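Participant: just to be clear, the model below is a prediction. Sequence and coordinates:
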Amino acid sequence: MKKEILQVSRDRAFLPLLFFAPILQLLLFGYTATTDVKNISMAVLDQDKTPDSRKFIESFVNSGYFKFKAYLYSESEIETVLDSSKVKLVINIPKNFSRKLKRGEPINIQVIIDGTNSNSANVILAYTRDIAQRTSIKIIIQQLTRANAKIPVVDLRYRAWYNPELSSVNYVVPGIICTILSIVTTMLTSVAIVREREKGTLEQIMVSPIAPYQLILGKVLPFIMIGFIDAVIVLVAGVLWFKVPVNGSIYLLFALAIIFIANTLSIGILISTISRTQQQAMMTTLFLMIPWITLSGFVFPIENMPKIIQISTYLIPLRYFLIIIRGIILKGVGLSVLWPQVTALVVLGSILLFLSISRFHKQLE
C-alpha cells in the first residue's frame with residue numbers, strides 16, 4: 001500500500017488529473033449537461049399585422065423562454081430560416097386573426113418546430129401549447145367578463161418537492177459524483193495491477209511472503225482513499241459553487257459510497273485480469289463505462305427503455321448508487337427508504353469481489 005501511494009505521488013503528470021479533473025468535469029457538466037431549454041430562437045410570420053396579433057407574439061417573448069430573432073414576410077422564408085438553423089421555432093399567424101378573435105371563431109395558427117433534437121423539440125412544443133392555452137383562457141375570461149357571465153375557475157397551486165426551483169443542476173451534480181467515482185476508481189485499479197505485469201514487477205511481488213488478498217488490499221486501498229477524496233471535493237464544489245442542497249446525512253452518504261467503491265474496484269480487478277497492457281485496461285474501462293452511464297438512469301429515464309434493457313440495468317451498480325445519492329442529497333431520506341438499493345449494492349459487490357479475487361488468485365497460480 002505504501003509502495004502504491006509513493007508511485008501515485010511521484011507521477012507528476014498523472015497526479016493533477018486525479019484531483020483537478022473531477023473539478024473540471026463538475027464545472028463542464030454542471031453548466032452544459034442541463035435539461036433546461038431557454039432562449040429558444042423564434043421567427044414570426046405575421047400575416048394579420050394587427051394589435052391583437054402583436055399581443056399574441058409578445059406573450060411568447062415575455063414568457064422568458066423565447067428569444068425573437070427574425071420577422072418573416074412570406075411563407076417561402078420559413079424553410080430558409082429553419083434549414084440554416086437560425087431559429088428553432090416559427091409561428092405563422094394567418095390573416096383575419098383579429099377579426100376571428102373578436103367574433104369568437106376558432107383560429108388555426110401554424111407552429112413549426114425544428115425537430116432535429118427531439119428532446120428540445122418536445123420541450124418547445126410543451127411551452128408553445130402552454131402559452132397558447134393561457135392566452136386563450138385569458139381571452140375567454142375577458143369576453144365572459146364583458147358579458148357579465150359567471151366564470152368558474154379551477155386554480156391549480158403547484159409545489160415541487162425536493163427541488164422547488166426545478167433546477168437541473170441539483171439533479172445533475174449528484175450524478176456527476178457517481179460517474180467520477182466509477183471512472184476514477186475502476187480505471188486506477190485496473191491500470192495499477194496491469195502496470196506491475198507490464199513492468200515485470202508482478203513476479204517480484206508474487207514471490208514475496210504475502211497472500212493474494214493482501215496484495216489486492218494493498219493495491220485497492222489507496223484508490224479507495226483517492227476516490228473518497230474526489231467525492232468530497234466534487235460534493236463540496238457542488239454545494240459551494242452550484243448551491244446544491246444536502247438534505248440528508250453526509251455520514252450515511254460517505255458510508256454507502258464506500259460500498260459502491262468496493263463494487264467499482266472489484267470490476268477494476270476483473271478488468272486487470274483480462275488486460276495485458278495499460279492501454280487495454282483503459283480502453284476496456286471506457287468501453288464498460290459508456291453503457292454503464294447510459295443505462296444507469298443518469299440522463300435517460302430507465303422507464304423509457306425497452307423491457308429487456310430495463311432488466312439488464314439491475315446488474316449495474318451505478319443504477320443503485322444514483323438512487324442513493326439523489327435520495328440523500330435531494331430528498332434527505334435514510335436507510336429506511338434506501339435499504340433495497342443498499343442490499344443490491346452489497347450483493348452485487350460481494351459477487352464481483354469473489355469473482356475478481358478468484359480470477360486474480362488463479363492468475364497468480
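Facilitator: Arrived safely, thanks for sending.
Participant: how about the strands of the stretch 1-150 of the chain, start to end?
Facilitator: 40-46, 66-72, 89-93, 110-113 (DSSP state E, counting those that start in this stretch).
Participant: how much distance is there from the first one to the middle of the chain?
Facilitator: Taking the mean C-alpha point of strand 40-46 and that of its whole chain, the gap between them comes to 30 Å (CA atoms, centre = their mean, to the nearest Å).
Participant: do stretch 245-253 as well
Facilitator: Computed by CA atoms, centre = their mean, the chain-centroid distance of stretch 245-253 equals 20 Å.
Participant: same check on stretch 97-106?
Facilitator: 45 Å.
Participant: name the residues that touch it?
Facilitator: Stretch 97-106 has contacts (CB atoms under 8 Å, 6 or more residues apart in numbering) with Q47, D48, T50, P51, D52, S53, F56, I107, I109, I139, Q143. All C-beta atoms are positioned from the backbone trio N, CA, C, and that covers glycine.
Participant: swap in stretch 57-76?
Facilitator: Here stretch 57-76 has contacts from 37-46, 78, 81, 86-87, 89-93, 127-128, 131, 134-135, using CB under 8 Å, 6+ apart.
Participant: of the contacts of stretch 97-106, buried ones?
Facilitator: Neighbour counting by 16 or more other CB atoms under 10 Å classes D48, T50, S53, F56, I107, I139 among these as buried.
Participant: and which of these is nearest to N119?
Facilitator: Proximity of these to N119 (CB to CB) peaks at F56, which lies at 26.5 Å.
Participant: my guess is the closest one contacts N92. True?
Facilitator: No. F56 lies out of contact with N92 (CB atoms under 8 Å); the separation is 11.8 Å.
Participant: ranking helices and strands of this structure by mean pLDDT, which lands last?
Facilitator: Every helix and strand in the chain was compared by mean pLDDT, DSSP states H and E; the lowest is helix 202-206, with a mean of 71.
Participant: any buried residues in that one, and which?
Facilitator: Result for helix 202-206 [16+ other CB under 10 Å]: buried residues L202.
Participant: show me the contacts of stretch 97-106 that map onto helices.
Facilitator: Within these, membership in helices is found for P51, D52, S53, F56, I139, Q143, as judged by DSSP state H.
Participant: farthest-apart pair in the residues you listed, please.
Facilitator: Every pair of these checked by CB to CB; the farthest is S53 and Q143, at 17.6 Å.
Participant: quick revisit: hey, what's in contact with both of F56 and N92?
Facilitator: I109.
Participant: so which residues of the stretch 251-365 of the chain form helices?
Facilitator: 278-295, 307-312, 317-326, 335-364 (DSSP state H, counting those that start in this stretch).
Participant: just give me the least confident of the contacts of stretch 97-106.
Facilitator: Among those, Q143 carries the lowest pLDDT, at 73.
Participant: and it, what does it touch?
Facilitator: When contacts are counted by CB under 8 Å, 6+ apart, Q143 is found next to G104.
Participant: mind listing residues that contact stretch 233-244?
Facilitator: For stretch 233-244, the external contacting residues (CB under 8 Å, 6+ apart) are 19, 22-23, 26-27, 30, 169-170, 173-174, 176-177, 180, 245-246, 253, 329.
Participant: before we move on, what about stretch 44-55?
Facilitator: Under CB under 8 Å, 6+ apart, the answer for stretch 44-55 is 57, 68, 70-75, 77-78, 90-98, 101.
Participant: let's see it at 7 Å
Facilitator: Residues outside stretch 44-55 that contact it (CB atoms under 7 Å, 6 or more residues apart in numbering): 57, 71-72, 75, 78, 90-98, 101.
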